[in-house]
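Chemist: Just need the structure, nothing else, for what follows:
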Amino acid sequence: MAITITEVLNQWAEYGVFSYVFPFLIIFALVFAILQKSMIFGDPAKAKNVTAINAVVAISIGFLALLNDAVSTFFATLFPKFGIALAIFLILLILVAFGGGKTDKMGWVGWVLGIGVLIWAWSQWNYVFASGFDIAQFFQDYFWGLALLAGIGFLIYWITKGGQ
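Modeler: You can find the predicted model right below:
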């Protein structure tokens, strides 16, 4: 008897591939790319072992992020909506191309759809965390941590884009 794709995906879900492996890989890849691009620990092309240091830091952050189940739930909520928005955007580009329009001028559509998906995901936030998660209390409790994270993000942006 042949195994179907649905059975394989359900088995992966049971093993935690979608809850832990893929979120870890996304977080690892993003942190590693930011560290490589920002060259906080030095230029990977010039200094020895900088890539290894970046990888260790990215792996550590990836695993630490998975300690909280909210990360897995967040990814499980956001990416299906992102996939829907991406499909809508693709259909819109095809329709514009069929109409003889210029698809290279459609950057604003991506921003509108992206903001729409974020609003949609935000509207689902309380549904996802219906087990007593209070978003206002979260921001109140972690205000300084979020402010520090925003500051670090701005610093990384300033370092990578400031010299240009």
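Chemist: which helix in this structure runs the most residues?
Modeler: Using DSSP state H, we find that the single longest helix of the chain is helix 69-98.
Chemist: ok, and for that one, which residues are buried?
Modeler: 71, 72, 73, 74, 75, 77, 78, 79, 82, 85, 89, 92 (16 or more other CB atoms under 10 Å). No exception for glycine: its C-beta is placed from N, CA and C like everyone else's.
Chemist: Nearest to residue 19, out of those: which one, please.
Modeler: residue 72 (4.4 Å; CB to CB).
Chemist: For residue 80, see how far away the closest residue to that closest one other than its chain neighbours is.
Modeler: Excluding the flanking residues, the one nearest residue 72 by CB to CB, 6 or more residues apart in numbering is residue 19, at 4.4 Å. Using CB to CB, to the nearest Å, residue 19 is found at 14 Å from residue 80.
Chemist: Residue 58 too?
Modeler: Look at residue 58 and residue 80: by CB to CB, they are 25 Å apart.
Chemist: can you pull out the helices in the chain?
Modeler: With DSSP H as the criterion, the chain has helices spanning 5-15, 22-38, 50-65, 69-98, 107-123, 125-128, 135-141, 143-162.
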